[in-house]
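Student: Output the structure for:
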Amino acid sequence: ILYTEKLKQGSSSLCIQTEDGRWLTLRQFEIEGNHEKSKNWKTSVRCGGETLLSLIKRRLEFSNNDLSDHYPENSNHCEVCQDGGYLFCCDTCPKSFHEDCHIQLVEAERDPWSCIFCKIKAIQNRCPENQPCHQESEILKRQMLPEEKLKCEFLLLKVYCWAKSTFFANEPHYSRQSSQGPREPMWLNKIKERLKQQHYHQVDEFVQDMRLIFQNHKAYYRDHKFARLGLQLKAIFEKNFKDIFAIQETTKSLISVI
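Tutor: Purely as a prediction, here's the structure:
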């Protein structure tokens, strides 16, 4: 029996009573049911054949308590790629993600687990005075400390959120044309892997790789209709880069916009 009043105290509380009278946490219950490899109790624990996530979404009540008041209704589609499937549900907002799409390591054992959007929001709320006040040169020199890495992961994730980003996700075909293609090809999935492997030591190294994608695309396609895609993605990245790192617009940037 699942006691929702106890569940409201957190998923680590003893909220399930077995037939023999023992009290278990959701995680202990998963292990008892041979689901120790599960990463999300909302999709592994079932009641009447339905997952708790499904029941929460339908706003069904267990006993006389409504779980949806305490756990947001998460999306059935990944926030990044918009596909369904096996998703990790954020406990502090309605967003859901595929593990690989989330980019940052999904710590599903955390209670509650907050997605990268919520973590960035928490940083911004912690510094409400976070107005554009930094020079880009200052930001680029920063060491890739945890907060800077989180922001870079978020920047990359925002790029993936753009529907046409798939054109830039994998190794470009021109990388195999040594006589025509750029000397150093770069693509989004390669940058994602470099972030995971702690390859970058400064913010500048990450930004250089991102900008290299746009430079290569512009150089190869030039007057081709695909050239516009690179310009659009570059604009998305540069805007988010300035917003997330609170970079002050230079006079030169303002003039170019005008």
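Student: Which residue ranges of the protein form strands?
Tutor: Secondary structure of the chain (DSSP state E): strands at 16-17, 23-24, 46-47, 50-51, 61-62, 65-66, 88-89, 96-97.
Student: which residues touch the last one?
Tutor: Contact partners of strand 96-97, identified using Cβ atoms under 8 Å, 6 or more residues apart in numbering, comprise 74-80, 87-90, 106, 115. For glycine as for every other residue, the C-beta is placed from the backbone atoms N, C-alpha and C.
Student: can you name the two of those that are farthest apart?
Tutor: Asn76 and Val106 (17.5 Å; Cβ to Cβ).
Student: Between these two, which is the more surrounded one?
Tutor: More crowded of Asn76 and Val106, by other Cβ atoms under 10 Å: Val106, with 20 against 14.
Student: right, and the more buried one touches Phe88 too?
Tutor: Yes. Between Val106 and Phe88 there is a contact under Cβ atoms under 8 Å: 5.0 Å.
Student: was I right about Arg142 contacting Gln202?
Tutor: Yes. Shown here, Arg142 and Gln202 form a contact pair, counting by Cβ under 8 Å, at 6.6 Å.
Student: Can you check the pLDDT for Arg58?
Tutor: Arg58 is assigned 52 on the pLDDT scale.
Student: closest to Lys196 among the contacts of strand 96-97?
Tutor: Val106 (12.1 Å).
Student: Now for that closest one: which residues touch it?
Tutor: Contacts of Val106 (Cβ under 8 Å, 6+ apart): Lys39, Phe88, Phe97, Glu99, Trp113.
Student: Give me the spatial nearest neighbour of the fourth one, chain neighbours excluded.
Tutor: The spatial neighbour of Glu99 that comes closest, neighbours along the chain excluded (Cβ to Cβ, 6 or more residues apart in numbering), is Val106 at 5.1 Å.
Student: Do you know the pLDDT at that neighbour?
Tutor: 88.
Student: again with Ile31
Tutor: 79.
Student: show me the contacts for the residue nearest the centre of the chain.
Tutor: The centre of the chain sits closest to His102, judged by Cα atoms, centre = their mean, with a distance of 3.3 Å. Contact analysis of His102 by Cβ under 8 Å, 6+ apart lists Val80, Phe88, Cys115, Ile116, Leu157.
Student: For it, give its distance to Ile116.
Tutor: Taking Cβ to Cβ, to the nearest Å as the measure, His102 falls 6 Å from Ile116.
Student: Next: Asp100.
Tutor: Asp100 sits at a distance of 13 Å from Ile116 (criterion: Cβ to Cβ).
Student: So for the two, which sits in the more crowded spot?
Tutor: The residue with more neighbours, out of Asp100 and Ile116, is Ile116; 22 against 13, by other Cβ under 10 Å.
Student: Against Thr166, how distant is the more buried one?
Tutor: Taking Cβ to Cβ, one finds Ile116 at 20 Å from Thr166.
Student: Report the separation between Cys152 and Gln17.
Tutor: The gap separating Cys152 from Gln17 is 46 Å, by Cβ to Cβ.
Student: out of those two, which sits in the busier spot?
Tutor: Each of Cys152 and Gln17 has its neighbours counted (other Cβ under 10 Å); Cys152 has more, 24 against 14.
Student: so the more buried one sits right up against Met144, yeah?
Tutor: Yes. The criterion here is Cβ under 8 Å, and Cys152 meets it with Met144 at 7.4 Å.
Student: okay, and the common contacts of those two?
Tutor: Counting by Cβ under 8 Å, 6+ apart, the residues touching both Cys152 and Met144 are Tyr200, Val203, Phe206.
Student: Could you identify the buried members of the residues you listed?
Tutor: Tyr200, Val203, Phe206 (16 or more other Cβ atoms under 10 Å).
Student: will you turn the residues you listed into a markdown table that also has distance to His217 and pLDDT?
Tutor: Formatted as a markdown table, these follow (distance: Cβ to Cβ, whole Å; pLDDT from 0 to 100):
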| residue | distance to His217 | pLDDT |
| --- | --- | --- |
| Tyr200 | 21 | 98 |
| Val203 | 22 | 98 |
| Phe206 | 18 | 98 |
